[in-house]
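Asks: Sequence and predicted structure, then a few things I'm wondering about:
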Amino acid sequence: MGILSFFRKYTGNRITEKPDAKVTVSFHDYTPEELREQQYADIQEKRELQEKAALSKNGLQPQEILLLSYAPKYYTDQTDFPSFWHYKYAISNPSDVLKKLEKKGLVRQSTAAESLDNLTMQELKNVLSGQGLKVSGKKAELIERVKIEVPESVIEKSAMKKRYALTELGQAEINDNEYVVSMHKNDYGVSVLTINNIIGKNPTIAWKDSIWGELNRELLDTMKYLKDGNASPMVSIMYRQVAFLKDEGRTAEAIETLIDALHKEISIIVPQKFKIDEELFRKGIITTKEPSFVRSVEDRCSFGFSLLNGMLQSANNGGSCVDISERCRRIRFDGAIIAKDEYINLLSARISDDCELFCNICDKVQKRLS
C-alpha cells in the first residue's frame, strides 16, 4: 500500500454539530493603483541598489551583464521583451541596453549565415530550390546545405531577421562574471547585488564561497527566532543551503542539512501547527477532519521527504551508502518531542514506504502532544 493510500485511513470523522465559536476574517484586496505603486517602489529600490553596484571591467552593472548573456536570443529590431527584465531587474527598455552593449563592442549584428536558424523549413527549402539544390532533410541539414552551396548574396536577401551575436569581448565579459548568469539560473535566495558588493570589496574571494558565506550569515540571524520557538525562518534557509550544496555536488553535506531541517519541522513546526489545529477542532472552528500528527507531518514535510529520498538514491547509485543515523550527529535531541531512535526510524520508514511503522511513530508523538 502506498503512503498516501495509508494516510486516507487517518482522515477523521466529519463534524456536523454547530460550532461553538465564531471567527471573523477580513481581507484587503489591493487596488490596481496600490499594486502599481508597490511595483514602482520595488523597481526604484532596485535601481538605487544597482547604482551602487561594483562595475565590471567594461563598466557594466550585474543586470546589464545578464542581458548581455541573453543577447543572442533577441532580434536587433526587437521591441517586445519578457517582463522579468522590468520587474526583476529594473530594466525598462532592454533594447536601449542592447544598443549600449553594441557600442561597447560586446555584441554585434549576426551575419546572414548565422541567422539561417531564424528561417522556417519552408523558407529554407525555397532558398535551396531557387538554386536548384536538393530540399530534403532535417532543418540542421538544410541550414548546412545553404551555408555551403548558396552564395552569400542570396543568403543575405533571405535571412532578413537577424539576432545579436556575442563578440569575443562580450563572451569574455560573461566568463569573467560567471556568478551573474549562474545566480539567475539557480536562485538560492541571495541577491546578485549582495554578491557583487562582496566581490567588489574583496575581488580575491570566490563567488560561490560568497554565496555560502551569505547563506550561513542569514542562518545565524535566524537564531533569535529559534530561541522564541519560531523555526520556520531557519528551516527556510536550510532548504536553500540544501539546494546550493546539492548543485555543488556536496551530497553528503546536503543530506545532513536536510535531515536537520526535517527534524526541526517535525519536532517544532509540525507540533505547533498540530496543537493549533487540535484547539480549533475542539472549539468547532475546524469542522472537516480531526487533526492527526501523521497527516500534519506529511502535509508539511512531503517535499523534504521526496528530496531526501532522491538524494539518498543518487548517493547509493554512486557507490556511497549513506547511514541516516550518522547524518543525525549535529542534531540536538535533548528535550525534543521525538527521540533520536524514533526520528531515525521515522525517516527510514517514510523512505521505504513502511506506512505502518511511520504512522505508529507519529501516533506515539501525537499522544505526547495531546
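Replies: Now that the structure is in, tell me what you want to look at.
Asks: Torsion angles phi and psi at the closest residue to residue 351 other than its chain neighbours?
Replies: Distance criterion Cβ to Cβ, 6 or more residues apart in numbering; nearest residue to residue 351, sequence neighbours excluded, is residue 309 at 5.1 Å. In short, each C-beta sits where N, CA and C put it, glycine included. Dihedral pair for residue 309: phi -60, psi -40, per degrees, to the nearest 10.
Asks: From residue 302, how far off is residue 309?
Replies: In this view, residue 309 and residue 302 are 11 Å apart by Cβ to Cβ, to the nearest Å.
Asks: returning to what we had before: pull the number of nearby residues for the residue nearest to residue 351.
Replies: Using other Cβ atoms under 10 Å, residue 309 has 15 other residues around it.
Asks: Tell me if I'm right that it and residue 353 touch.
Replies: No. Using Cβ atoms under 8 Å, residue 309 is not in contact with residue 353, being 9.6 Å away.
Asks: what's the overlap in contacts for these two?
Replies: With Cβ atoms under 8 Å, 6 or more residues apart in numbering applied, the contact sets of residue 309 and residue 353 do not overlap.
Asks: So residue 164, which state does it fall into?
Replies: strand (DSSP: H, G, I helix; E, B strand; the rest coil).
Asks: ok, it touching residue 106?
Replies: No. The criterion here is Cβ under 8 Å, and residue 164 misses it with residue 106 at 9.5 Å.
Asks: Isn't residue 167 up against residue 107?
Replies: Yes. Proximity of residue 167 to residue 107 meets the contact threshold set by Cβ under 8 Å, at 6.4 Å.
Asks: Out of the two, name the residue with the larger neighbour count.
Replies: residue 107 (27 against 16).
Asks: how deep is residue 264 tucked in, by neighbour count?
Replies: By other Cβ under 10 Å, the residues close to residue 264 number 18.
Asks: nearest spatial neighbour of it, skipping sequence neighbours?
Replies: residue 231 (4.5 Å).
Asks: Around the one you found, how many other residues sit close by?
Replies: If you count neighbours by other Cβ under 10 Å, residue 231 ends up with 20.
Asks: Could you do the one 5 residues further on as well?
Replies: Residue neighbour count, defined by other Cβ under 10 Å, stands at 14 for residue 236.
Asks: List the contacts of residue 129.
Replies: residue 135.
Asks: And the lowest mean pLDDT element among the helices and strands of the chain?
Replies: Every helix and strand of the chain was ranked by mean pLDDT, DSSP states H and E. The lowest is helix 3-7, at a mean of 50.
Asks: Heading C-terminal from that helix, find the next helix or strand.
Replies: Using DSSP states H and E, the next helix or strand after helix 3-7 towards the C-terminus is helix 32-51.
Asks: pLDDT on stretch 211-231, on average?
Replies: Averaging the model's pLDDT scores along stretch 211-231 yields 96.
Asks: burial measure for the closest residue in space to residue 73 that isn't next to it in sequence, as a count.
Replies: Nearest non-adjacent residue to residue 73, counting by Cβ to Cβ, 6+ apart: residue 163, 7.1 Å away. Number of residues near residue 163 (other Cβ under 10 Å) recorded here: 18.
Asks: Settle this for me: residue 338 is touching residue 265, isn't it.
Replies: No. The pair residue 338 and residue 265 fails to qualify as a contact (Cβ under 8 Å) at a distance of 11.0 Å.
Asks: Which residues are in contact with residue 169?
Replies: So residue 169 contacts 58, 104-106 (Cβ under 8 Å, 6+ apart).
Asks: Return the set of buried residues in the one helix or strand it maps to.
Replies: Per DSSP H and E: residue 169 is located in helix 168-176. Under the neighbour-count criterion of 16 or more other Cβ atoms under 10 Å, helix 168-176 has 170, 173-174 buried.
Asks: part of a strand, is residue 330?
Replies: No. Under three-state DSSP, residue 330 sits outside any strand and is assigned coil.
Asks: contacting residues for it?
Replies: 256, 260 are the contacts of residue 330 under Cβ under 8 Å, 6+ apart.
Asks: This completes my enquiry, with thanks.
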